[in-house]
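In: Pasting the sequence and the predicted model now:
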Amino acid sequence: MKGKLGMNRVRSLILPFTLIVLAIGTSHSQGVAKGSSQTFYIDLDTQQGHASVWRYNTIGSITTLHAVVTIRSVRKDDNWEPVFRITLLGPDSTSGNSVNVTFYAANGNPPLAILVGQFDREGKRIEVETLKQTLEMNASINIDMNWSTPGVVQCKIGDAGSYSVNIPWKIAQIQATSSTGEMVIDPLVLGSATN
């Protein structure tokens, strides 16, 4: 009898643990291999005239990014416009080579324009497209980026469709920046593409 009671206790502990593991295991974004992702919560709340940066420097086998972005505030400044970015950087982040998804508040006023594009080593635009879709304050938008095919970054931004950016360099870092306002990324999921 004592053996049965002990086994029931073990079973009652295993069931909740299994449910928690299943919930965590199924919460990954589509297209990311289960068990290979890393999840972050980022809140870059930046006063006017300043910028904040979050950077992930150890890419390894990471080839996908899923982010849910919300712009919570834009502030006014005489010299700085509210700009928020998720950026894939080349091997030398100080010399440009980036693919950006940018949210930009023209004259500090929402809604925010959305741009996707590539910049060269000098920071000059190579290929930039302004999307028809905009982002309202406190609304969330999904961003999916995949660079599992060498030389190509696939971007899906909200309902605006998919965009392909050809790059002659390797993705080495991921960066989120906020200037003159607050951007929340909840979650940011980095992983490896499933084939």
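Out: Nice, I can see it.
In: how close does the residue nearest the centre of the chain sit to T102?
Out: Geometric centre of the chain, nearest residue: A67, 3.7 Å, by CA atoms, centre = their mean. To T102, A67 is 13 Å away according to CB to CB, to the nearest Å. Every C-beta, even on glycine, is put in place using the N, C-alpha and C of the backbone.
In: same thing with S61?
Out: From S61 across to T102, the span is 27 Å (CB to CB).
In: And these two? Which one has more around it.
Out: A direct count of neighbours by other CB atoms under 10 Å for S61 and T102 places T102 higher, at 18 against 10.
In: Pull the number of nearby residues for the closest residue in space to R75 that isn't next to it in sequence.
Out: Excluding its sequence neighbours, the residue lying closest to R75 (CB to CB, 6 or more residues apart in numbering) is Q48, at 4.0 Å. Number of residues near Q48 (other CB under 10 Å) recorded here: 16.
In: what's the helix or strand for Q48?
Out: Q48 is part of strand 38-56 when elements are defined by DSSP states H and E.
In: quick revisit: starting from the helix or strand where the residue nearest to the centre of the chain lies, tell me the next helix or strand along the chain.
Out: A67 is part of strand 64-74 when elements are defined by DSSP H and E. Later in the chain than strand 64-74, the nearest helix or strand by DSSP H and E is strand 83-89.
In: contacts for that following strand?
Out: Residues from elsewhere that reach strand 83-89, judged by CB atoms under 8 Å, 6 or more residues apart in numbering: 44, 65, 67, 69, 71, 97-105, 112, 143, 145, 147, 153, 171-181, 183, 185.
In: can you do 6 Å?
Out: Applying CB atoms under 6 Å, 6 or more residues apart in numbering, the set of residues contacting strand 83-89 from outside is 67, 71, 98-104, 171, 173, 175-179, 183.
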